[in-house]
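> I would like the atomic coordinates for the input below:
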Amino acid sequence: MTLAAVTAIPVSALPLSYGLPSTAARPSPCGAPFSPAVQRQLRHVITLLRRTYQIPGVEVGVNVPGQGCWADASGSANLAAGIPLSVGSEFPIESITKTFTATVILQLVREGKLSLSDPISAWVPSVQDANSITVENLLNMTSGIYNEPDPAFEQQLLGDPHMVVTPGQLISAAVAHGPAGPPGTFSYSNTNYFILGLIAQEITGRTIQQLITDQILRPLHLAGTSVPGSTGQLPASLVHGYQVAAGNATDVTSQYAQFGPELGGAAGAMVSTLGDLERWAYALGTGELLTPSLQRQRLTFPAGPAVPFAPLPDTGASTILPGRYGLGIGSFGGLLGHNGGTTGYQADMFYLPARNATVVLLINGSPANGTGSSANESLADAAAISLAEIALGHSLMHTLTQDRRVR
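Reported below is the predicted structural model:
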């Protein structure tokens, strides 16, 4: 989403270390560090990211068992208060939320309470082509349902700060707009996941927030992860988010706090930490909370042209990854996971099965010349791909050529 800004801080007010990742070793649970040469290359990616795009703070974790790991935080969590970013800070993770919602839905399938082939007309008959759209279509973004919230809806919110947003309102707005395309055609849409949240609640009598908490967060001990929509409260220690342009970093945290969880819902409301996302990336990529057969279905990526994802320029990385979407999970050239972004925040979380490796990147800034979440995500995607290629090297290229799931 793109929400208006209120508090602008000149870039000159940034800490003197702005653009320079910390060089001091930080305690990390991931074991032996990468070689000094690999660490220098990884730090170079973060230096370029912050200097070139004026990003206030970046938190990163790269872990390749048997080869090395690196966890680092640089920059600021709150510019006005002078609070530095630290490993373990709490970030909005936006669309990474979809991986949790999809897992809850697949757990309902495992329990026999739902089928991937069920038409959605039983729950949302007002949606165009509801008899032809299945639960699977919602999960893999092939429903053809329009993506909400769109800029017009966001402007409506800004004009009425007391407006309460419900999943039903967002679904109704999508229906009123008309379909984005026929069922079976890929079209990324948050509305799919608003509907999935309602389906889960209708079947179980419990909110998607309660289901995610009880069926994923507690079993995996993800204590730093929460679904603010269940309480309406964001963590007090939430990292501040900024929109950056023309030498200014504009604090957009208050707008996120006011609208973010409501607009995100089952599609993008969650908050998490670096360590929790590393743990979740592994559980998601290995199917820890599902049966093997359901995990295979989750990792079925529809045929068709892939979306290319390129690395950050001038980082030494050159691999362009083909992106495809499965059941609430993406494959970026064999890197399994998801990205997320809104004005002021960006996040990427990946797992590479071939090496049992994880890459997580959290950013509290977005360029003002980008509009919408996709523009915000592209910057973090590029940096995460650069980090992955540097850390994985030949392993990443081998996966690209050998992994038949991303052909």
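
> and the closest residue in space to L85 that isn't next to it in sequence, what does it touch?
Closest residue to L85 apart from its sequence neighbours, by Cβ to Cβ, 6 or more residues apart in numbering: G57 at 3.9 Å. Using the backbone N, CA and C atoms, a C-beta is placed for each residue, glycine as well. Taking Cβ atoms under 8 Å, 6 or more residues apart in numbering, we find G57 in contact with 73-77, 85, 239, 363-365.

> nearest to P182 among these?
Closest approach between those and P182, by Cβ to Cβ: I363, at 35.8 Å.

> now do the contacts for the closest one.
I363 sits in contact with 49, 55, 57-59, 345-347, 379-380, 383, where contact means Cβ under 8 Å, 6+ apart.

> ok, now E94?
So E94 contacts 264, 268, 340-342, 345, 347, 373 (Cβ under 8 Å, 6+ apart).

> can you list which of those residues are found in strands?
340-342, 345, 347 (DSSP state E).

> mind putting the contacts of G57 in CSV, pLDDT, secondary structure and distance to V127 included?
Converted to CSV, these look like this (pLDDT from 0 to 100; DSSP: H, G, I helix; E, B strand; the rest coil; distance: Cβ to Cβ, whole Å):
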residue, pLDDT, secondary structure, distance to V127
A73, 97, strand, 43
S74, 96, strand, 45
G75, 97, strand, 43
S76, 97, strand, 43
A77, 97, strand, 41
L85, 96, coil, 42
V239, 97, coil, 36
I363, 97, strand, 34
N364, 97, coil, 36
G365, 95, strand, 36
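
> what bits of the stretch 301-407 of the chain have low per-residue confidence?
The stretch 301-407 of the chain contains residues with pLDDT under 70 at 369-377, 394-395, 397-407.

> now do the helices in it.
372-392, 394-402 (DSSP state H, counting those that start in this stretch).

> list the helices and strands the first one packs on?
Here helix 372-392 is seen to pack against helix 36-53, strand 57-64, strand 307-309, strand 335-342, strand 345-352, strand 357-363, strand 365-367 when contacts are counted using 3 or more Cβ pairs under 8 Å, 6 or more residues apart in numbering; DSSP states H and E.

> may I have the distance across stretch 282-290, first residue to last?
13 Å (Cα to Cα, to the nearest Å).

> got the contact list for L114?
With Cβ under 8 Å, 6+ apart, L114 has these contacts: 105, 108, 135, 199, 203.

> name only those of those residues that count as buried.
Burial by neighbour count, 16 or more other Cβ atoms under 10 Å: within the contacts of L114 this picks out 105, 108, 135, 199.

> name the nearest residue to the second one, sequence neighbours excluded.
Looking back up the chat, that one is L108. That would be L114: by Cβ to Cβ, 6+ apart, it lies 4.2 Å from L108.

> pLDDT score assigned to the one you found?
Looking at L114, its pLDDT is 97.

> pretty sure it belongs to a strand, no?
No - counting by DSSP: H, G, I helix; E, B strand; the rest coil, L114 is located in no strand; its state is coil.

> for V165, which of the helices and strands packed on helix 372-392 is the nearest?
strand 335-342 (14.4 Å).

> that closest one pairs with which strands, parallel or anti?
Partner strands for strand 335-342, per DSSP bridges, with pairing direction: strand 330-332 (antiparallel), strand 345-352 (antiparallel).

> what about the closest residue to N356 other than its chain neighbours, neighbour count?
Among residues not flanking N356 along the chain, P65 sits closest, at 5.1 Å (Cβ to Cβ, 6+ apart). Neighbour count for P65, taken as other Cβ atoms under 10 Å: 13.

> ok, T166 next?
What T166 shows, counting by other Cβ under 10 Å, is a neighbour count of 12.

> distance of it from G265?
Using Cβ to Cβ, to the nearest Å, we find T166 at a distance of 9 Å from G265.

> one more: A380?
From A380 to G265 the distance is 22 Å (Cβ to Cβ).

> that older thread, I'd like the contacts of G57 laid out as a markdown table, including distance to E278.
Shown next, in a markdown table, are the contacts of G57 (distance: Cβ to Cβ, whole Å):
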| residue | distance to E278 |
| --- | --- |
| A73 | 14 |
| S74 | 18 |
| G75 | 20 |
| S76 | 23 |
| A77 | 19 |
| L85 | 17 |
| V239 | 17 |
| I363 | 16 |
| N364 | 18 |
| G365 | 22 |
